[in-house]
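Undergrad: got a predicted structure here, sequence first:
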Amino acid sequence: MSLDGRRARIDRVLFTEEEIAAKVRELAARIRADYEGKPLTVVGILKGAFVFTADLVRALDMPLRVDFMAVSSYGFATQTSGIIRILKDLDRPIRDQHVLLIEDIVDTGLTLRYLREHLLAQSPASLRACVLLDKPERRQVDVPVEYVGFTIPDEFVVGYGIDYAEQFRYLPYIACVKLED
Ligand code: PRP
């Protein structure tokens, strides 16, 4: 997510590197058990989910295919426009594949709902979503999320792939930011 010219500074750490790593291992154990013996395609959603996807597939440590989509809904605003643009679509067809969509955060739910519809239209064998951060207070549409890492309050978060105006994606932890007046 991003913004309107105001500077942001790190306010406090929400989840440390160690807490995130433990959660990734926990999610991977559940996913590995659910998909044992099934042809799995993981679809990471860029840019926000690039770090989470990289860590999750290594924690999964099972045969799978990796693909990416890039979408944008926020542009340089803090509020979603509600209009999702596909900047990069899948490289390979997903027909008859078990697809696991990987997102960094679900906020209004508009992006995830759009992605689910887009992927379901391509007849995968199954489709589930794994989201590291869930902000239920902000939800505008009801959308299923099968694997949730952390449920968080309605605060601006950055790090571990998540940006504020393209800053802070490199942080190894997740933090809340404060906007300066
Ligand atoms: C973020 C995030 C999700 C989406 C969630 O992406 O990665 O895709 O917003 O918000 P929603 O539930 O309100 O739709 P963003 O548009 O900021 O792009 P980025 O991943 O490239 O940073």
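TA: Sure thing, it's come through.

Undergrad: what's the neighbour count on the closest residue to residue 96 other than its chain neighbours?
TA: The shortest distance from residue 96 to any non-neighbouring residue, by Cβ to Cβ, 6 or more residues apart in numbering, is to residue 125 (5.1 Å). C-betas here are computed from N, CA, C, even on glycine. Counted by other Cβ atoms under 10 Å, the residues lying close to residue 125 total 14.

Undergrad: ok, residue 125 - contacts?
TA: With contact set as Cβ atoms under 8 Å, 6 or more residues apart in numbering, residue 125 has these partners: 38, 39, 96, 97, 98, 99.

Undergrad: from those, which is closest to the ligand?
TA: Lowest distance from the ligand to the contacts of residue 125 (Cβ to the nearest ligand atom) belongs to residue 99, with 16.3 Å.

Undergrad: quick one, phi psi at the closest one?
TA: Dihedral pair for residue 99: phi -110, psi 130, per degrees, to the nearest 10.

Undergrad: let me know the pLDDT of it.
TA: Predicted confidence (pLDDT) at residue 99: the value is 98.

Undergrad: who's in contact with it?
TA: 40, 41, 42, 43, 119, 124, 125, 126, 127, 128.

Undergrad: using the three-state scheme, assign the residue lying closest to it once chain neighbours are set aside.
TA: Using Cβ to Cβ, 6+ apart and skipping the chain neighbours, the partner closest in space to residue 99 is residue 124 (4.3 Å). Assigned by DSSP: H, G, I helix; E, B strand; the rest coil, the conformation of residue 124 is coil.

Undergrad: doesn't residue 97 make contact with residue 124?
TA: Yes: counting by Cβ atoms under 8 Å, residue 124 touches residue 97, with 5.3 Å between them.

Undergrad: more neighbours, these two?
TA: residue 97 (23 against 20).

Undergrad: give the next helix or strand downstream of the lengthiest helix in the chain.
TA: Determined from DSSP state H, the single longest helix within the chain is helix 17-34. Counting by DSSP states H and E, the element after helix 17-34 in chain order, helix or strand, is strand 40-46.

Undergrad: contacts for that following strand, please.
TA: Here strand 40-46 has contacts from 50, 52-53, 56-57, 60, 62-71, 87-88, 90, 92, 94, 97-104, 111, 115, 119, 124, using Cβ under 8 Å, 6+ apart.

Undergrad: next one: it to chain centre, how far?
TA: Distance of strand 40-46 from the chain centroid (Cα atoms, centre = their mean, to the nearest Å) equals 10 Å.

Undergrad: that one - what's its average pLDDT?
TA: Mean predicted lDDT for strand 40-46 stands at 98.

Undergrad: next, the angle helix 17-34 makes with it.
TA: 150 degrees (axes from the mean of the first three to the mean of the last three Cα atoms, to 10 degrees).
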